[in-house]
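Asker: return a 3D structure for these sequence lines:
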Amino acid sequence: MYRKIEELTLNGWPALQTLVMDGWLLRTADGYTKRSNSVSPIYSCDGDSLAAAWKRIRDVEHFYTSAGLDVIFKITPFAQPDILDSLLEQDGYEKVEPSSVMLLDLEKLPKPGSLPALADIRIEETVTDRWLQTLAHVSSLSAAALQTARSLIEGSKLLQGFLALSVQGRPAAC
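Answerer: Purely as a prediction, here's the structure:
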């Protein structure tokens, strides 16, 4: 199940470029978001020895630093090799901004009208300039970051939905 969730998140928030390097996915998007500018070590490879793991770490570091980006490893319960987290810790890497994935059976959502009207929710099937401007506002995006976000979103071939939440008339979340 975790691998399926990881595949959904990788596809749901794409990168501008994804390279496969010896079983690891190296994603870049001009530095906009850690999700789109990190290595996802989700596939094992033929050379899963300790020496091969260290070589891959160094190759990844060279790739990202050459691109002018921070070196970010997205560690999940199925990162390959299994000892990658401890190798990175030995090498001085630190855990930053841990994420939590939660699941909810959509059948258990409250029915419309059963929640107090505390917020205004706008849902759109396609990205609009209005939604992008709300994203820029709530996330304090620069013009360059907003253009990258637009490229990421518009480049996706998946079915998408865009939600904007306002509280007391003020944008709060996208």
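
Asker: spatially central residue for the chain, please.
Answerer: Closest to where the C-alpha atoms of the chain average out (CA atoms, centre = their mean) is residue 35, at 2.8 Å.

Asker: shaky segments in this structure?
Answerer: Across the chain, the ranges flagged by pLDDT under 70 are 46-48, 112-119.

Asker: and the strands in it, which stretches?
Answerer: Using DSSP state E, the strands of the chain run over 17-21, 24-28, 39-40, 119-124, 162-167, 170-173.

Asker: for those, give me a markdown table that also has mean neighbour count and distance to residue 95.
Answerer: Yep, even glycine has a C-beta here, placed from its N, CA and C like the rest. Listed next are the strands of the chain as a markdown table, based on neighbours: other CB atoms under 10 Å; distance: least, CB to CB, whole Å:
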| stretch | mean neighbour count | distance to residue 95 |
| --- | --- | --- |
| strand 17-21 | 12 | 23 |
| strand 24-28 | 21 | 18 |
| strand 39-40 | 24 | 15 |
| strand 119-124 | 12 | 32 |
| strand 162-167 | 16 | 29 |
| strand 170-173 | 14 | 25 |
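
Asker: hang on, the earlier thing: OK, contacts around the residue nearest to the centre of the chain?
Answerer: By CB atoms under 8 Å, 6 or more residues apart in numbering, the contact set of residue 35 is 9, 13, 27, 74.

Asker: from residue 88, how far out is it?
Answerer: Note on residue 35: its distance to residue 88, by CB to CB, to the nearest Å, is 18 Å.

Asker: what's the answer for residue 94, then?
Answerer: Per CB to CB, residue 94 is found 9 Å from residue 88.

Asker: check residue 172 too.
Answerer: For residue 172, the distance to residue 88 - CB to CB - is 35 Å.

Asker: okay, angle between the helix ranked longest in the chain and strand 24-28 too, please.
Answerer: When the chain is parsed with DSSP state H, its longest helix is helix 50-66. Angle between the axes of helix 50-66 and strand 24-28 is 10 degrees (criterion: axes from the mean of the first three to the mean of the last three CA atoms, to 10 degrees).
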